[in-house]
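Novice: My questions are about this predicted structure, shown below with the sequence.
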Amino acid sequence: MVGKAIDLNGIPYTVVGILPKGFDLITGGNMPRGFRFAAHTDVWTPLVLDRNNNRVYLQALAKLGHGVSFGAAQSELTAVAESIRRDGTEEPDLELRLVPLQEQVTGQIRPALLVLMRAV
């Protein structure tokens, strides 16, 4: 199916990947705001951004490929952002930043959480 076109509600899409059977994201309060999805999703489609909105903040969840370092992934994201700016976008302050999920979830409270865990 990867690479093949499918039609969803009259809109054509190209299949770019297939998740393993039974795959579901952690939902509810277990995920940071912005990563909360329905308990089960059948189809994921590309996001269409509203260019009339002055500021767009978007979070994405991804897994690094085998052997890909954090630094290499961030370098690739930086190159993608630069390519988008060169293509004449009106987004001069476009930034693509990689944040580990653990840091996104615990943020600045990680030290306090570790103290509490040790105390318990």
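Specialist: Done, it's in.
Novice: Return the helix or strand in the protein with minimum mean pLDDT.
Specialist: Lowest mean confidence among the helices and strands of the chain (mean pLDDT, DSSP states H and E): helix 101-106, at a mean of 74.
Novice: Name the next helix or strand downstream of that helix, please.
Specialist: Helices and strands here follow DSSP states H and E; after helix 101-106, the next one along the chain is helix 110-119.
Novice: how far out from the middle of the chain is that next one?
Specialist: Per CA atoms, centre = their mean, to the nearest Å, the displacement of helix 110-119 from the mean C-alpha position of its chain is 28 Å.
Novice: pLDDT at the most centrally placed residue in the chain, what is it?
Specialist: A centroid search over the chain (CA atoms, centre = their mean) returns residue 60, at 1.2 Å, as the residue closest to the centre. On the pLDDT scale, residue 60 is placed at 72.
Novice: Give me the three-state assignment for residue 98.
Specialist: Secondary structure state of residue 98, per DSSP: H, G, I helix; E, B strand; the rest coil, is coil.
Novice: just to revisit the earlier point, which SSE is the residue nearest to the centre of the chain in?
Specialist: Secondary structure from DSSP H and E places residue 60 outside every helix and strand.
Novice: Kindly state the domain boundaries assigned to the chain.
Specialist: If the domains of the chain are taken from automatic domain parsing, they occupy 1-46, 66-120, with pieces of a single domain joined by a plus sign.
Novice: By mean pLDDT, show me the worst of those.
Specialist: When the domains of the chain are compared by mean pLDDT, domain 1-46 comes last with a mean of 77.
Novice: Make sure residue 61 is actually in contact with residue 101.
Specialist: Yes. Because the distance of 7.4 Å satisfies CB atoms under 8 Å, residue 61 is recorded as touching residue 101. All C-beta atoms are positioned from the backbone trio N, CA, C, and that covers glycine.
Novice: CA atoms of the least confident helix or strand of the chain as CSV?
Specialist: Once side chains and other backbone atoms are set aside, the C-alpha atoms of helix 101-106 remain, and they are given as CSV (Å, rounded to 0.1, in the frame of the first residue of the first chain):
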residue,chain,number,x,y,z
LEU,A,101,9.4,13.3,24.8
GLN,A,102,10.7,12.9,28.4
GLU,A,103,11.7,16.6,28.5
GLN,A,104,8.4,17.6,27.0
VAL,A,105,6.4,15.6,29.6
THR,A,106,8.5,16.5,32.7
